[in-house]
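Asks: Sequence and computational prediction follow.
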Amino acid sequence: MIQMIISGIICALFCGNFLLCYAKSKGQYDDYLEAVDKKEYGLKDFIPMGLWFNEQGFESKFLPKSLEGIYAKYKNQIYRKIIVLRGAKYAGFYQMIHEGYRMALGILVSAGMSFVGFIMAAQGDSSNAMLFSGTAVVAALGLPFLTDKSLDDQMERRRLEIQMEFPEFVNKLTLLVNAGMTISKAWEKIINDNKKDNILYQEMTLAMGEIKAGKPEAVAYEEFARRCQVKEVTKFVSVILMNLRRGGSEVVPVLKQQGTECWEMRKAAARQMGEQAGTKILLPMMIMFVGIIIIVATPAVLSFSSGM
C-alpha cells in the first residue's frame with residue numbers, strides 16, 4: 001500500500017508537470033524551432049516544454065544558496081562550449097535551445113518512468129514499481145546534466161575532424177606560398193577551390209570573410225586558432241603571425257616541418273576515431289549479451305522458484 005501511495009505521488013508530480021509544460025508551451029516557440037535541425041535534436045518537438053519550464057525559473061527557486069556560485073560557473077562552462085561549437089554570434093540562441101532540450105528530456109523521461117511505476121504498483125508489482133519510480137526521480141535530476149555531457153562528445157568529434165583535414169590544408173598552403181603567393185591569397189584560393197563542407201573550411205571561410213570586412217589579418221588568424229582549439233592549428237597560426245611581422249621567405253621551411261607534424265597528428269586522430277568506433281560497437285553488443293542471458297536464464301529461474 002505504501003509503495004502504491006509513493007508511486008502515485010511521484011506519478012502525479014511528474015506527469016502533472018509534463019501536462020502543464022505541454023499545455024503552457026504549445027504554439028509559443030514555433031519561431032525558435034524553425035532554426036533547429038531535427039537531426040541534431042531528435043526530440044525537437046518537445047523543446048518548447050523545456051523552454052517554458054526554464055522561463056519560470058524553477059531551478060533558481062529550489063537551488064540552495066550555497067550552490068548558486070558553483071551552478072553559475074557550471075552554466076558558464078556550458079556557454080563557452082557552445083561558443084566553440086556554434087560561434088559567438090549564435091551562442092546565446094543555441095544555449096537557450098540546449099537548455100530547453102536538456103530540460104525537456106528530463107520532463108519527458110521522468111513522466112514516462114513514473115507512469116510505468118504507478119501502473120506496476122496498481123498491478124501489485126511493488127518492487128518494479130519502486131524501481132521505475134526511483135528511476136523517474138533520478139532522470140528528472142540527472143538527465144539534464146547527462147545531456148550536457150553530449151557537448152563534450154561534440155567538441156571531441158569536432159577536434160578530430162579538424163585534425164583529419166588540417167594536414168592537407170597545410171600542404172596546399174605551403175605549395176602556394178612557395179610559388180609566390182601571400183598567406184591571405186593562398187588561404188582564399190584554397191577556400192575557393194575546396195569542394196568539402198566540413199568544420200575546418202567553415203572556420204577558414206569565416207576568417208577570410210572577417211579579413212575582407214576589414215579585420216586585421218593577425219586578429220582574424222588568432223581568432224581562427226581560438227575557435228579551432230587544436231594545438232597544431234595554434235602552432236601553425238603562430239608561424240603565420242611571425243611571417244606577417246617579419247616577412248621574408250623563411251616561412252616555407254617552417255610550414256613544411258609543420259605539415260610533417262600535422263600528418264603525424266592525423267594518424268593519431270585516425271587511431272582515436274577507430275578506438276571510439278570500437279567502443280560504440282561494444283556497448284550494443286554488451287546489451288545484447290545481457291539480454292540473451294536474461295532470456296535464457298528466466299525460464300530456469302521461474303521453474304526453480306515454482307519447484308520450491
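Replies: Structure's in. What do you need? Numbers count the residues shown, from 1 in each chain.
Asks: Count the residues that sit near the residue nearest to T135 when sequence neighbours are not counted.
Replies: Spatially, and ignoring its direct neighbours in sequence, T135 is nearest to M113 (4.8 Å; Cβ to Cβ, 6 or more residues apart in numbering). Quick note: C-beta positions are derived from backbone N, CA and C, even for glycine. When neighbours are defined as other Cβ atoms under 10 Å, M113 has 23 of them.
Asks: Can you read off the pLDDT for M113?
Replies: M113 carries a pLDDT value of 90.
Asks: Let's verify it: helix, strand, or coil?
Replies: What DSSP: H, G, I helix; E, B strand; the rest coil gives for M113 is helix.
Asks: Make sure it is actually in contact with F132.
Replies: Yes: M113 lies in contact with F132 (Cβ atoms under 8 Å); the separation is 5.1 Å.
Asks: where along the chain do the helices fall?
Replies: 2-25, 30-33, 47-55, 58-62, 68-86, 91-122, 126-178, 183-193, 199-212, 217-228, 231-246, 251-307 (DSSP state H).
Asks: Next, the angle helix 2-25 makes with the third one.
Replies: With axes from the mean of the first three to the mean of the last three Cα atoms, to 10 degrees applied, the angle from helix 47-55 to helix 2-25 works out at 100 degrees.
Asks: Give the buried residues for helix 47-55.
Replies: Neighbour-count burial for helix 47-55 flags I47, P48, M49, G50, L51, W52, F53, N54 (criterion: 16 or more other Cβ atoms under 10 Å).
Asks: quick one: the nearest residue to the fifth one once chain neighbours are set aside and V84, what's the gap?
Replies: Residue nearest to L51 in three dimensions, not counting chain neighbours: G100, with 3.9 Å by Cβ to Cβ, 6+ apart. G100 sits at a distance of 20 Å from V84 (criterion: Cβ to Cβ, to the nearest Å).
Asks: who's more crowded, the two?
Replies: Set side by side, G100 and V84 show more neighbours around G100, with 26 against 18, by other Cβ under 10 Å.
Asks: Could I get the contacting residues of that one?
Replies: G100 sits next to Y29, I47, P48, M49, G50, L51, N54 when contact means Cβ atoms under 8 Å, 6 or more residues apart in numbering.
Asks: Could you do D30 as well?
Replies: Per Cβ under 8 Å, 6+ apart, neighbours of D30: none.
Asks: looking at the chain, which helix or strand does the model trust least?
Replies: When each helix and strand of the chain is scored by mean pLDDT, DSSP states H and E, helix 251-307 comes last, with a mean of 59.
Asks: I'd like to know how far K65 sits from G27.
Replies: 36 Å.
Asks: let me fix that: I183
Replies: From I183 to G27 the distance is 51 Å (Cβ to Cβ).
Asks: Between those two, which is the more surrounded one?
Replies: Remark: of I183 and G27, I183 carries more neighbours, 19 against 6, as counted by other Cβ under 10 Å.
Asks: what sits against that one?
Replies: Counted by Cβ under 8 Å, 6+ apart, I183 has contacts L173, V177, E217, I240, N243, L244, V251.
Asks: now do A268
Replies: For A268, the contacting residues are Q163, by Cβ under 8 Å, 6+ apart.
Asks: cool, and S60?
Replies: For S60, counting by Cβ under 8 Å, 6+ apart, the contacting residues are E68.
Asks: pLDDT at it, what is it?
Replies: Reading off the model, S60 has pLDDT 71.
Asks: Please apply the same query to I183.
Replies: For I183, pLDDT reads 87.
Asks: residues in contact with the nearest residue to C228 once chain neighbours are set aside?
Replies: The shortest distance from C228 to any non-neighbouring residue, by Cβ to Cβ, 6+ apart, is to I162 (5.5 Å). I162 makes contact with I199, L200, E203, C228, V230, V233 under the criterion Cβ under 8 Å, 6+ apart.
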